[in-house]
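A.B. asks: Sharing a model that was predicted from the sequence below.
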Amino acid sequence: MKALINIVVLLFCVTAFSQEQKVDYKKIEDNMVKATYYFADNSNVIEREGFFNSEGKLHGTWISYDLQGNKTAIANYKNGVKDGVWTYFKKDKISLVTYKENKITNVEEKAVAFN
């Protein structure tokens with residue numbers, strides 16, 4: 001009986017937290033597709049957005065947001081590979097991570113000053 005109750009509770013938890021994420025795709029020039037992902041619990045707030053190339057690989061700039069719409073990260077891809085400067089926004093600092101062909105080549109952190 002106890003095992004049956006545990007299974008029912010587990011199934012309830014799984015179904016309660018398995019909300020489907022809304023995604024919009026829009027074809028743009030040069031066979032690129034812009035993808036916009038929304039938070040699963042709030043389908044009106046963008047979680048991240050960026051581009052796929054004609055091969056379906058991440059390409060170009062991807063931007064991630066928090067629930068308030070603030071940027072949390074700006075990432076760059078080249079044919080599915082991390083390439084260029086990635087910027088991470090935190091409460092009191094900005095981290096800049098430089099990638100070259102999926103390998104980290106440089107890391108910088110800068111303090112954020114508030115007036």
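C.D. replies: Yep, that arrived.

A.B. asks: Which residue, neighbours along the chain excluded, lies closest to Ile28?
C.D. replies: Spatial nearest neighbour of Ile28, chain neighbours left out: Lys34 (5.6 Å); criterion: CB to CB, 6 or more residues apart in numbering. Heads up, the C-betas are built off the backbone N, CA and C, glycines and all.

A.B. asks: and the one you found, what does it touch?
C.D. replies: Tyr25, Lys26, Ile28, Glu49, Gly50, Phe51 (CB atoms under 8 Å, 6 or more residues apart in numbering).

A.B. asks: Among those, which ones are in strands?
C.D. replies: Applying DSSP state E to the contacts of Lys34, the entries found in strands are Tyr25, Lys26, Ile28, Glu49, Gly50, Phe51.

A.B. asks: Verify the contact between Gly60 and Glu49 for me.
C.D. replies: No - the pair Gly60 / Glu49 is not scored as a contact, 10.7 Å apart, by CB atoms under 8 Å.

A.B. asks: where do the contact lists of the two overlap?
C.D. replies: When contacts are counted by CB under 8 Å, 6+ apart, Gly60 and Glu49 have no shared neighbour.

A.B. asks: just the ones in strands among the contacts of Lys34: which has the poorest pLDDT?
C.D. replies: Confidence by pLDDT is poorest for Ile28 among the ones in strands among the contacts of Lys34, given 92.

A.B. asks: Please tell me how far it sits from Tyr77.
C.D. replies: Distance of Ile28 to Tyr77, computed by CB to CB, to the nearest Å: 16 Å.

A.B. asks: go on, Lys103?
C.D. replies: Taking CB to CB as the measure, Lys103 falls 14 Å from Tyr77.

A.B. asks: Could you give the number of residues near the residue lying closest to Lys78 once chain neighbours are set aside?
C.D. replies: Ranked by CB to CB, 6+ apart and with sequence neighbours excluded, the top spatial neighbour of Lys78 is His59, at 6.6 Å. Residues lying near His59 (other CB atoms under 10 Å) number 22.
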